[in-house]
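Asker: for reference, the sequence and a predicted model appear below.
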Amino acid sequence: MAAASMLVALATRLLRPAQSCCLRHRPFHLSAVRNEAIVISGKKLAEQIKQEVRQEVEEWVASGNKRPHLSVVLVGENPASHSYVLNKTRAAADVEHIDERKICNAVSPDKDVDGFHVINVGRMCLDQNSMLPATPWGVWEIIKRTGIPTLGKNVVVAGRSKNVGMPIAMLLHTDGAHERPGGDATVTISHRYTPREQLKKHTALADIVISAAGVKKKAGYITPVPGGVGPMTVAMLMKNTIIAAKKLLKLHEQEALKSKELGVASN
């Protein structure tokens with residue numbers, strides 16, 4: 001699932017009259033029945049987040065710190081990957097084909113703003129603070145900032161990729177009281193081998209559907225393509241960059257303090 005084609009559809013049962021009574025406890029619905037879904041502007045939310053990051057960066061630089069810098073390594077010729085990079089750097093670079101996992105793990109976990117390093121993936125799965133993959137985090141922020149409840153809700157994630165589908169499922173189903181709070185939802189992950197009839201049953205029960213397929217006529221809220229998850233992915237990557245810069249400075253300060261203490265002790 002490429003970020004540009006990701007779609008979040010919320011409350012798929014909205015237009016099912018026989019089940020309309022199930023909607024009364026959902027405060028985020030404006031009405032029980034309507035012909036079109038409310039479109040959530042990922043672009044507007046992304047601008048809000050980028051403004052927050054911009055302010056954070058300016059305060060960081062004003063305190064005497066070096067302005068954060070983002071570097072990109074592009075692997076392979078996948079058009080979706082090129083688009084992903086172009087949206088962030090406004091430039092493309094072709095490199096020789098190399099093992100993606102080796103490259104992800106060769107990056108320092110503290111500088112891994114994509115959240116692909118095995119350590120960051122492991123920490124995310126353990127509900128610990130870590131660098132979160134930008135697209136899944138963007139989807140999670142859309143849901144939270146729109147004020148849509150997830151606790152106890154049924155969610156269907158279409159896709160099981162390790163960079164998108166799996167992280168989204170982790171963020172939505174894990175405990176909201178843990179170090180890295182989750183959504184406390186009941187999550188079903190579907191994929192290419194999920195039988196069509198089973199997928200229909202799962203989505204019929206779903207309060208939230210995250211997929212690359214349009215369900216505009218059956219959704220209460222929906223993100224557009226383009227202008228939905230794509231801009232949020234860029235915004236969350238920027239947020240990860242300033243987080244990484246602050247974390248690295250803290251590590252350097254700790255190392256300097258430790259060296260100083262060792263120097264004093266040796267004297």
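Answerer: Nice, thanks for sending it over. Numbers count the residues shown, from 1 in each chain.

Asker: what's the distance between the residue nearest the centre of the chain and residue 191?
Answerer: Geometric centre of the chain, nearest residue: residue 137, 1.8 Å, by CA atoms, centre = their mean. Distance, residue 137 to residue 191, by CB to CB, to the nearest Å: 21 Å. Every C-beta, even on glycine, is put in place using the N, C-alpha and C of the backbone.

Asker: ok, and the closest non-adjacent residue to the residue nearest to the centre of the chain?
Answerer: Spatial nearest neighbour of residue 137, chain neighbours left out: residue 236 (4.5 Å); criterion: CB to CB, 6 or more residues apart in numbering.

Asker: what about that neighbour, how many residues nearby?
Answerer: 27 (other CB atoms under 10 Å).

Asker: wait, doesn't it sit right on residue 141?
Answerer: Yes: with contact defined as CB atoms under 8 Å, residue 236 reaches residue 141; the gap is 6.7 Å.

Asker: need the three-state assignment for residue 187.
Answerer: strand (DSSP: H, G, I helix; E, B strand; the rest coil).

Asker: so what's the spatially closest residue to it that is not a sequence neighbour up against?
Answerer: Using CB to CB, 6+ apart and skipping residues adjacent in sequence, the residue nearest residue 187 is residue 173, 4.1 Å away. Going by CB atoms under 8 Å, 6 or more residues apart in numbering, residue 173 touches 155, 182, 183, 184, 185, 186, 187.

Asker: residue 70: which of these is nearest?
Answerer: Minimum distance to residue 70 across those is 27.2 Å, recorded for residue 182 (CB to CB).

Asker: for the closest one, helix, strand, or coil?
Answerer: coil.

Asker: what is the neighbour count of it?
Answerer: 21.

Asker: tell me the spacing between it and residue 171.
Answerer: 6 Å.

Asker: what pLDDT, on average, does the longest helix along the chain get?
Answerer: As assigned by DSSP state H, the longest helix anywhere in the chain is helix 229-266. Averaging pLDDT along helix 229-266 yields 85.

Asker: same for that helix, what does it pack against?
Answerer: If contacts are counted by 3 or more CB pairs under 8 Å, 6 or more residues apart in numbering; DSSP states H and E, helix 229-266 sits against helix 42-62, helix 79-89, helix 134-145.

Asker: ok, back up a step: for the residue nearest to residue 137, give me its contacts.
Answerer: Taking CB under 8 Å, 6+ apart, one finds 49, 132, 134, 135, 137, 138, 141 in contact with residue 236.

Asker: make CSV from those residues and add pLDDT and distance to residue 38 to it.
Answerer: Listed next are those as CSV, based on pLDDT from 0 to 100; distance: CB to CB, whole Å:
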residue, pLDDT, distance to residue 38
49, 91, 20
132, 94, 26
134, 92, 24
135, 92, 22
137, 94, 22
138, 93, 18
141, 93, 17
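
Asker: most neighbours among the residues you listed, which one?
Answerer: Most surrounded of these: other CB under 10 Å gives residue 138, at 31 neighbours.

Asker: ok, and the closest non-adjacent residue to it?
Answerer: residue 232 (3.1 Å).

Asker: tell me, how many residues neighbour that neighbour?
Answerer: Residue 232, neighbours per other CB under 10 Å, totals 29.

Asker: mind listing what residue 245 touches?
Answerer: So residue 245 contacts 60, 65, 66, 68 (CB under 8 Å, 6+ apart).
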